[in-house]
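Visitor: Got a sequence here, can you build the structure:
(chains A and B)
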Number of protein chains: 2
Amino acid sequence: MALTIPIKRAIYEANDAKAAAIHARLAARGVFTVNILGSPGVGKTSLISRLAPLIAASPAAGPLRVIEGDVASDLDTQALRALGVEAYQIETGGDCHLNAAMIEGILGKMEIPDNSWLFIENIGNLVCPAEFVIGEDLKLVVASAAEGSDKPYKYPTVFAKSAACVLTKTDIAEAVGFDEEFFRKGYRAVAPEAPLFVLNGRTGEGAQALFGWMLGIRAGG
Amino acid sequence: MALTIPIKRAIYEANDAKAAAIHARLAARGVFTVNILGSPGVGKTSLISRLAPLIAASPAAGPLRVIEGDVASDLDTQALRALGVEAYQIETGGDCHLNAAMIEGILGKMEIPDNSWLFIENIGNLVCPAEFVIGEDLKLVVASAAEGSDKPYKYPTVFAKSAACVLTKTDIAEAVGFDEEFFRKGYRAVAPEAPLFVLNGRTGEGAQALFGWMLGIRAGG
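Guide: As a prediction, this is how the structure comes out:
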């Protein structure tokens, strides 16, 4: 939304302060919070459903809780619950991103054990969610081969702000004309140090490498 | 962006007034303006590149001008120019949608003949652009099979506000598990009267039907 700079700044500052308080409360209890970003339909929920069994199978990892953000519907929350994942829905009713106030609201309705993983799936939107911290330890951006190779060039902010990129649907790269080298070059330009993980959301291939990296980050690596 | 209602209303009202003035000026000269919406990478530029030769080959259709909206880069404008299409770039520098002021700005730099087609490719974003009129005669929403079948359920506004939906990448429907019946049911629920066109952006199959429909709408059908 095109706003004058002072209004924008006030909105961001209020949100930042609330997000910092959320993060402090969660981190004090050992909760590790991941803000998952990406366009509609790139496989954000699939990513969560692939990490969930790895977390469940890793005794030291701690429990998992998920917050699902959507403009409308609770389809993803239902899908995750059907897999045995404790998921909670935020329906923004039109808003294009999650903000710290929404997270604060739903946290009041959830029971989150100490040392949990907390995955927050943001609204499917490659622009606005990147502008708002919501109490996370880190952001992950999910990009799909079906979206095309030019996304880091066209939407640099979300790639630059994320600690890692997860590239999905590369099994259909040829069918959609995806140029992985061009994608990687663009990603490297905006996020020179950040890793890129390739994940097949349908088979789970690649999830273990991503999970291992997240364990390392969580442990302070 | 979550704003208080009065601020939102003031922004929308100012934008609506400017958009109405743009539309009046263009329509008075017979220019037919189409606002093309959809997520990143669904094939909005491919759609334009498939319609361009049909417009060029149709003597009565009139010339074509294109405005390309992106957060960053002018890759799409360059691609269209390489095909001989007269395209002009708006880089929003972060903003998540086009607004009427941006269109007014670029129209001052373009030469648009009477009776032109004016295609405006909005920012890749299934949420925010639907909230802003920019002087168009109609909106088209492009959705890709690769995005998944649930998009009309999760992002109802953009589908409800568009005069038609263009469904792309159905050639990979099986590979990505796309359920076209579920998609159509969701689209029908929010847009009961609007047509759905299936377009293969790589081969052009389906473009003629869409073009025929647009000719009919333009002629007042």
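
Visitor: For the rest of this, base every contact and every neighbour count on C-alpha atoms.
Guide: Noted.

Visitor: which residues of chain A fall in strands?
Guide: Assigned by DSSP state E, chain A shows strands spanning A:32-38, A:64-70, A:86-91, A:117-121, A:138-144, A:164-168, A:196-199.

Visitor: now for the second one, which elements pack on it?
Guide: Translated: strand A:64-70. The contact analysis (3 or more C-alpha pairs under 8 Å, 6 or more residues apart in numbering or on different chains; DSSP states H and E) places strand A:64-70 against helix A:44-57, strand A:86-91, strand A:117-121.

Visitor: Count the neighbours of A:E91 for me.
Guide: When neighbours are defined as other C-alpha atoms under 10 Å in any protein chain shown, A:E91 has 18 of them.

Visitor: got a list of contacts for the helix ranked longest in chain A?
Guide: Ordering each helix of chain A by length in residues (DSSP state H) puts helix A:5-28 first. Helix A:5-28 is contacted from outside by A:F32, A:T33, A:N99, A:A100, A:A101, A:E104, A:F132, A:V133, A:I134, A:G135, A:E136, A:D137, using C-alpha atoms under 8 Å, 6 or more residues apart in numbering or on different chains.

Visitor: go on, stretch A:211-221?
Guide: A:F32, A:L51, A:L54, A:A61.

Visitor: Let me know the closest of those residues to chain B.
Guide: Nearest to chain B out of the contacts of stretch A:211-221 is A:L51 (C-alpha to the nearest C-alpha; 19.7 Å).

Visitor: Would you agree that closest one is in contact with A:A209?
Guide: No - using C-alpha atoms under 8 Å, A:L51 makes no contact with A:A209, being 10.4 Å away.

Visitor: got a list of what the residue at minimal distance from the centre of chain A touches?
Guide: The centre of chain A sits closest to A:I36, judged by C-alpha atoms, centre = their mean, with a distance of 0.4 Å. Counting by C-alpha under 8 Å, 6+ apart, A:I36 touches A:K44, A:F119, A:I120, A:E121, A:N122, A:K139, A:L140, A:V141, A:V142.

Visitor: Near chain B, which residues of chain A? Just list them.
Guide: A:1-2, A:39-42, A:70-73, A:94-97, A:99, A:124-128, A:146-148, A:151, A:153-157, A:169, A:172, A:175-176 (C-alpha under 8 Å from any C-alpha of the partner chain).

Visitor: From chain B, how far off is the residue nearest to A:G204 when sequence neighbours are not counted?
Guide: Once flanking residues are discounted, A:G204 sits nearest to A:R50: 5.8 Å by C-alpha to C-alpha, 6 or more residues apart in numbering or on different chains. Per C-alpha to the nearest C-alpha, to the nearest Å, A:R50 is found 16 Å from chain B.

Visitor: which ones are touching A:R50?
Guide: Neighbouring residues of A:R50 by C-alpha under 8 Å, 6+ apart: A:G201, A:G204, A:A207.

Visitor: And A:A163, how far from chain B?
Guide: Counting by C-alpha to the nearest C-alpha - A:A163 and chain B are separated by 20 Å.

Visitor: That residue - how many residues pack around it?
Guide: 19.

Visitor: pLDDT below threshold where in chain A?
Guide: A:1-4, A:221 (pLDDT under 70).

Visitor: Apply 80 and report the result again.
Guide: A:1-5, A:221 (pLDDT under 80).

Visitor: For stretch A:186-199, which residues meet the burial criterion?
Guide: Residues A:G186, A:Y187, A:R188, A:V190, A:A191, A:A194, A:L196, A:F197, A:V198, A:L199 are the ones in stretch A:186-199 that count as buried (16 or more other C-alpha atoms under 10 Å in any protein chain shown).

Visitor: Ends of stretch A:23-40, what's the gap?
Guide: Stretch A:23-40 has an end-to-end distance of 26 Å (C-alpha to C-alpha, to the nearest Å).

Visitor: Run the chain-centre distance for it.
Guide: 9 Å (C-alpha atoms, centre = their mean, to the nearest Å).

Visitor: Mind listing what's buried along it?
Guide: For stretch A:23-40, by 16+ other C-alpha under 10 Å, it's A:23, A:26-27, A:30-40.

Visitor: thinking again about what came up before, adding distance to A:K109, write the strands of chain A out as CSV.
Guide: Conversion of the strands of chain A to CSV gives the following (distance: least, C-alpha to C-alpha, whole Å):
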stretch, distance to A:K109
strand A:32-38, 17
strand A:64-70, 11
strand A:86-91, 9
strand A:117-121, 14
strand A:138-144, 23
strand A:164-168, 30
strand A:196-199, 32
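
Visitor: pretty sure A:A173 contacts A:A146?
Guide: Yes - here A:A173 reaches A:A146: they are 7.0 Å apart, a contact under C-alpha under 8 Å.

Visitor: the more surrounded of those two?
Guide: Counted by other C-alpha under 10 Å, A:A173 and A:A146 do not tie: A:A146 has more neighbours, with 30 against 18.

Visitor: and the nearest residue to A:V42 once chain neighbours are set aside, bridged to which residues?
Guide: Among residues not flanking A:V42 along the chain, A:S144 sits closest, at 5.1 Å (C-alpha to C-alpha, 6+ apart). For A:S144, the beta-bridge partners under DSSP bridges are A:T168.

Visitor: what's A:S144 in contact with, if anything?
Guide: Applying C-alpha under 8 Å, 6+ apart, the residues near A:S144 are A:V42, A:G43, A:L167, A:T168, A:K169, A:T170.
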